[in-house]
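Enquirer: Fold the stuff below for me.
(one chain, ligands or ions: 1)
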Amino acid sequence: MQKNYGIKFVSFASALPSLCIKNTDLQKLYDTSDEWIYTRTGIKERRIVSANESGLTLSVSAANEVIKKSNVKPEDIDLIIVATATPDKLYPTMSCMLQGKIGAKNAVCFDLSAACSGFVYGIVTASQFIYNGQFKNVLVVGVDVHSRFLDWSERTVSILFGDGAGAVLMTSCLAGDDQLLGYSLHSGADVNLDLELDNSNVMYSEFKKPKCPNFVKMNGKAIYQFAVRVVPEVINELLDKINHNVNQIDYLVLHQANQRIIDSVSEKMKFNKSKVISNIEHVGNTSAASIPIAISEAIQENKIKFPCKMLLVGFGAGLTWGAVALHLR
Ligand code: COA
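Expert: I've put the predicted structure just below:
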């Protein structure tokens, strides 16, 4: 596409709820063990919202932090995109509610639904508006509160997810200074994989609440196989597009779904372990928030040296998957 401007990734930030649920806490809910969960997923603990917290409060914390780290005033934000599959309300949107809370009174706001690929889709969507000169300052937030949609009496799905929010502020710069090297997005109808959160069981004719709450349903094995197949494919596709090889990439940030998926992909792609960012052990799968939380924490912990080239890869329900390559300076 015609690029009239470049994109600068100014700052990243994240927010986690205060309540920490360890694997040993889950042992009180059903027959499981810390050892089983850790060896199958790499997860030790996850954060879960309490009564005074929500997707919105987490988004506000992450957004305020990202704004504080940048030189952009809330009223100068032109666009807010919130990527989420678990909004607090079906409407108003999370992005409009966030706009009100952070004082970004001039922003256009919409939510984006691409499950665990939401943050990658959000960056790519934001980039189109910056490249064509429509908007200068864009806030992209990934937030999910899956704890409200899990059957906590069932052990195969609820072990995986945690709640959280992550944010990035993107601004326009000279086309020659563009920090977005390229991207690649994909979608495919999920016919057999059974990764869904069904909202269709409230019927007009029944005029009452759903018979049972809506919970995430998942065929874990099929999703695992899907991920280890498509993630290397999309990485190779993007590397080809931007004319890079693995050795030219400094950091790989995969959606934090399962440490075994992260290990399998990095081995297959021959990414040295030191290049692979992982924080799943203490946050679990935070869905659309997982990539910005991982980046923000890695920057905070000085695990990322600048300038650097970074690949971000998301995958999830839909099915959706996609990758972006950043050159952060
Ligand atoms: N604790 C103890 N045992 C458990 C358990 C738990 N929490 N969950 C399942 N088990 C049992 C099963 O009942 C089964 O027992 P059986 O052999 O007697 O039937 C056994 O452990 C193996 O279960 P299985 O489902 O085959 O395990 P798995 O190796 O496929 O691991 C997942 C399950 C969910 C960890 C794994 O499939 C996975 O992570 N998939 C990807 C999911 C994902 O990333 N989703 C989000 C994408 S965005």
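Enquirer: Residue 80 contacts residue 95, correct?
Expert: Yes: taking contacts as Cβ atoms under 8 Å, residue 80 lies within contact range of residue 95: 4.6 Å. (C-beta placed from N, C-alpha, C; glycine too.)
Enquirer: Need the overlap of contacts for these two.
Expert: Residues touching both residue 80 and residue 95 (Cβ atoms under 8 Å, 6 or more residues apart in numbering) are 109-110, 141.
Enquirer: A strand includes residue 183, no?
Expert: Yes: using DSSP: H, G, I helix; E, B strand; the rest coil, the assignment for residue 183 is a strand.
Enquirer: Spit out the contact partners of it.
Expert: 120, 123-124, 127, 238, 322-325.
Enquirer: Tell me the one among those nearest to residue 162.
Expert: Closest approach to residue 162 among these (Cβ to Cβ): residue 120, at 19.0 Å.
Enquirer: Identify the residues contacting the closest one.
Expert: Residue 120 is in contact with 114, 183, 185, 291, 312-314, 322-324, counting by Cβ under 8 Å, 6+ apart.
Enquirer: Just put these in CSV and tack on secondary structure.
Expert: Shown next, in CSV, are the contacts of residue 120 (three-state DSSP):
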residue, secondary structure
114, coil
183, strand
185, strand
291, helix
312, strand
313, strand
314, strand
322, strand
323, strand
324, strand
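Enquirer: which of these are close to the ligand?
Expert: Among the contacts of residue 120, proximity to the ligand is found for none (Cβ under 6 Å from any ligand atom).
Enquirer: Which one of these is nearest to residue 76?
Expert: Distance to residue 76 across those (Cβ to Cβ) is lowest for residue 324, with 24.1 Å.
Enquirer: Specify the beta-bridge partners of that closest one.
Expert: Residue 324 has these beta-bridge partners by DSSP bridges: residue 183, residue 312.
Enquirer: That one and residue 121 touch, don't they?
Expert: No: between residue 324 and residue 121 there is no contact under Cβ under 8 Å: 9.5 Å.
Enquirer: Contact partners for residue 235?
Expert: 252, 265, 269, 311, 313, 323.
Enquirer: among those, who's most crowded?
Expert: residue 323 (29 neighbours; other Cβ atoms under 10 Å).
Enquirer: Wait, a helix at residue 89?
Expert: No: counting by three-state DSSP, residue 89 is not found in a helix; it is coil.
Enquirer: Tell me how the protein divides into domains.
Expert: Following automatic domain parsing, one finds the domains of the chain at 6-176, 180-328.
Enquirer: I'd like the ones you listed as TSV, with mean pLDDT appended.
Expert: TSV is the format used below for those (pLDDT from 0 to 100):
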stretch	mean pLDDT
domain 6-176	97
domain 180-328	92
